[in-house]
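[1] Got a predicted structure plus its sequence, pasted below:
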Amino acid sequence: MAFSLSRIRCSALKDLEKNNHLLSYCIQHSTPLPSPVVQALERTVNMFGEKLVSSVQVLQMNRMLLKLIGGKKVLDIGTYTGISALNSALAIPDSGKVYTFEKSKKHLEIARNNIKDFKMESKIVFSCGEALQGLEKLLASGYSESFDFSFIDADKANYPVYFDLSMDLLRPGGVIAIDNTLYKGLIETEDKTGKRIDKANKHFINSRCKEVVLLNIGDGYSIAIKE
């Protein structure tokens, strides 16, 4: 089922997308998101509005990266209503797993129901609580260098910590994708969250990565490859 911007009302656009007259053209000429992901997006916008949903292009990029690296084992840091976890689960083989982390019991319950409705329960491992503790638990349990891909889209203050823990959990050649890395264009202002994102971006570029690129799509999207 092809994705149409009209299906997710225009107010769902990210701040940096609202004046991008080429966005519709880009989406129309890209492989559409799977029907379950579109439906999960619609449900979330109807329930909570557009503020915390991932950009369509970000979700498309996650799928593309997973397929390029042959990803089978995924970290999803910030479950919300399960959109990105569902998107990743649909992009990996049946034997793959997505480990997703959410501190809100309310959001986690919604995510579980979304995943159940689309019959992806066998591919997703839910963790309720602080993502920091969940990631540390994986490391303590012997999961270091065993993941292929990490998508970071949780509380911005902890982006550098999530990034470093993801690096420890990823195999060499694994990929980290980080959402909201231009944060409404406020990364060079006195905005509190914008300053946190700017600090995180400086951390990423000075890390032990082989390559880092920050793209002006969605609300900003960074990709890093582990050495």
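    Happy to help now that I have it. Residues are numbered from 1 along each chain as shown.
[2] for residue 14, what are its contacts?
    Residue 14 makes contacts with 55, 184, 218-219, as judged by CB atoms under 8 Å, 6 or more residues apart in numbering. From N, CA and C alone the C-beta is placed, and that goes for glycine too.
[3] ranges for the helices of the protein?
    23-28, 35-48, 56-69, 83-91, 105-117, 131-140, 159-169, 192-205 (DSSP state H).
[4] Extract the residue ranges of the protein that are flagged as low pLDDT.
    1-12 (pLDDT under 70).
[5] Spatially central, which residue of it would that be?
    residue 151 (4.1 Å; CA atoms, centre = their mean).
[6] quick one: that one from residue 224, how far?
    Separation of residue 151 from residue 224 (CB to CB, to the nearest Å): 12 Å.
[7] can you check residue 26 too?
    Distance of residue 26 to residue 224, given as CB to CB: 23 Å.
[8] quick one, which of these two is more surrounded?
    residue 224 (25 against 14; other CB atoms under 10 Å).
[9] which one of the helices of the chain is the most hemmed in?
    With neighbours taken as mean count of other CB atoms under 10 Å, these reach their highest mean count in helix 83-91, at a mean of 26.
[10] Hmm, residue 43 and residue 82 touching each other?
    No. Using CB atoms under 8 Å, residue 82 is not in contact with residue 43; the gap is 9.7 Å.
[11] Quickly list what's touching both of these two.
    Counting by CB under 8 Å, 6+ apart, the contacts common to residue 82 and residue 43 are residue 114.
[12] Apart from its chain neighbours, what residue comes closest to residue 139?
    In this structure, residue 139 finds its nearest non-sequential neighbour in residue 168, 5.8 Å apart by CB to CB, 6 or more residues apart in numbering.
[13] which ones are touching the one you found?
    Counting by CB under 8 Å, 6+ apart, residue 168 has contacts 139, 144-145.
[14] Throw those into TSV and include distance to residue 88, thanks.
    Supplementary listing: those in TSV, determined by distance: CB to CB, whole Å:
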residue	distance to residue 88
139	20
144	20
145	19
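[15] residues in contact with the top strand by length along the chain?
    Counting by DSSP state E, the longest strand found in the chain is strand 170-179. Residues outside strand 170-179 that contact it (CB under 8 Å, 6+ apart): 54-55, 58, 61-62, 65, 69, 71, 145-153, 159, 163, 166-167, 200, 204, 209, 218-227.
[16] rerun at 6 Å
    58, 62, 65, 69, 145, 147-153, 166, 222-226 (CB atoms under 6 Å, 6 or more residues apart in numbering).
[17] What of stretch 195-208?
    With contacts defined as CB under 6 Å, 6+ apart, stretch 195-208 is touched by 156-157, 159-160, 181, 183, 187, 212, 224, 227.
[18] Of the residues you listed, which is the nearest to residue 89?
    Comparing the contacts of stretch 195-208 against residue 89 with CB to CB places residue 224 closest, at 22.2 Å.
[19] and the closest one, how far is that from residue 37?
    Residue 224 is 24 Å from residue 37, where distance means CB to CB.
[20] which residue lies farthest from the center of the protein?
    Within the chain, the residue lying farthest from the chain centre (CA atoms, centre = their mean) is residue 190, at 25.6 Å.
[21] Phi, psi for that one please.
    phi -90, psi 0 (degrees, to the nearest 10).
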